[in-house]
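Peer 1: pasted the sequence and its predicted model underneath.
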Amino acid sequence: MKENIKDISADIELQYGKPNMERNIAYVLSLVGARAGEDGELDDDIPVPSVEAAAKTILLLVGRPELPWETICREQRVKHVMEYLFIRARNHPDEVHGFVDRLLKQYVPEIPSQMVRIYLNVWKHIAGQSLPTKFTDEILYPEHAGKILDTLHFLLQGEVGRGAALVMVCARDEGLVRDIAHAKIVTEFCHVTKTAYNNYLHERFPDREKNRIIGTLRTKIGYTKEENGRIVFLPDSPSRKSVFLQLWRMMKSLAE
């Protein structure tokens, strides 16, 4: 076979468009973005929907997977249910989960239990995601954002000043992130203090210290650098967090 699976998948996407689930998640992110204030606070004051509207929405979600969610949300009461499921659930998961569980068991018994579990798993995953911070926009490889963020969080544990500056300088010099100003990084690493961090941001750190941090970055994220400085990531499947951040960045770019 001359073409590999990735090439064939790319050809299918070019010919038929992106998979429904990817478009559906992007649509949910647009609903979330519409309710997010400039300070990042999420307006989740969404009333409990009617049983009839919720039952119709659930039936559409699990019974008509070929329908894009943006299409079914043209009906206002269905959109209201979707906002309740995917936005209200972020800070009130027990309330929404209980509502959905009771609805499925009492009013939509014809849906197989396996289908219910699949739906709830997808729902909990999307609804449980936190809104990405402004710092995530500075990551130069969004497809690997999950591992990059996890590794930076690991290295920045307990670091508020010099140690934090050292880690972020190394990440920038490695070509993983762009802007490491305190105003950017504090949105993700809120424990880093401004004065302590800025005092060391332009320090010339010894190679011994930088090499230790760079070694950890390369090992935990999984990449090497060629002589020309190009980063080569080791083969790996993108994490859910990376996919989520890619979709979020895409939705933000469309809205700008």
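Peer 2: Good, I have the coordinates. Residues are numbered from 1 along each chain as shown.
Peer 1: quick one: residues contacting the closest residue to Arg88 other than its chain neighbours.
Peer 2: Of all residues beyond its chain neighbours, the one nearest Arg88 is Ile46 (4.5 Å), with distances taken as CB to CB, 6 or more residues apart in numbering. Glycine gets a C-beta too; all of them are placed from N, C-alpha and C. With contacts defined as CB atoms under 8 Å, 6 or more residues apart in numbering, Ile46 is in contact with 80, 83-84, 87-88.
Peer 1: and which of those is nearest Gln157?
Peer 2: For these, the residue nearest Gln157 by CB to CB is Ile87; the value is 31.0 Å.
Peer 1: re the thing from before, reformat the contacts of Ile46 as a markdown table; add neighbour count.
Peer 2: Formatted as a markdown table, the entries for those read as follows, by neighbours: other CB atoms under 10 Å:
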| residue | neighbour count |
| --- | --- |
| His80 | 19 |
| Glu83 | 22 |
| Tyr84 | 23 |
| Ile87 | 23 |
| Arg88 | 21 |
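Peer 1: now those residues in TSV, with distance to Glu226?
Peer 2: Output for the contacts of Ile46, formatted as TSV (distance: CB to CB, whole Å):
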residue	distance to Glu226
His80	52
Glu83	47
Tyr84	50
Ile87	44
Arg88	48
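Peer 1: same list (the residues you listed) but as CSV, adding pLDDT and secondary structure.
Peer 2: Listed next are the contacts of Ile46 as CSV, based on pLDDT from 0 to 100; DSSP: H, G, I helix; E, B strand; the rest coil:
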residue, pLDDT, secondary structure
His80, 95, helix
Glu83, 92, helix
Tyr84, 91, helix
Ile87, 86, helix
Arg88, 88, helix
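Peer 1: just those residues now: which is nearest Thr224?
Peer 2: Ile87 (40.8 Å).
Peer 1: look at Asn91 and say how many residues are nearby.
Peer 2: Counted with other CB atoms under 10 Å, the burial measure for Asn91 works out to 11 neighbours.
Peer 1: over to the one 5 residues further on?
Peer 2: Burial of Val96 is recorded as 23 neighbouring residues (other CB under 10 Å).
Peer 1: tell me how far the nearest residue to it once chain neighbours are set aside lies from Glu83.
Peer 2: The spatially closest residue to Val96, leaving aside those adjacent along the chain, is Ala89, at 4.0 Å (CB to CB, 6+ apart). Plainly put, Ala89 is 10 Å away from Glu83 if you go by CB to CB, to the nearest Å.
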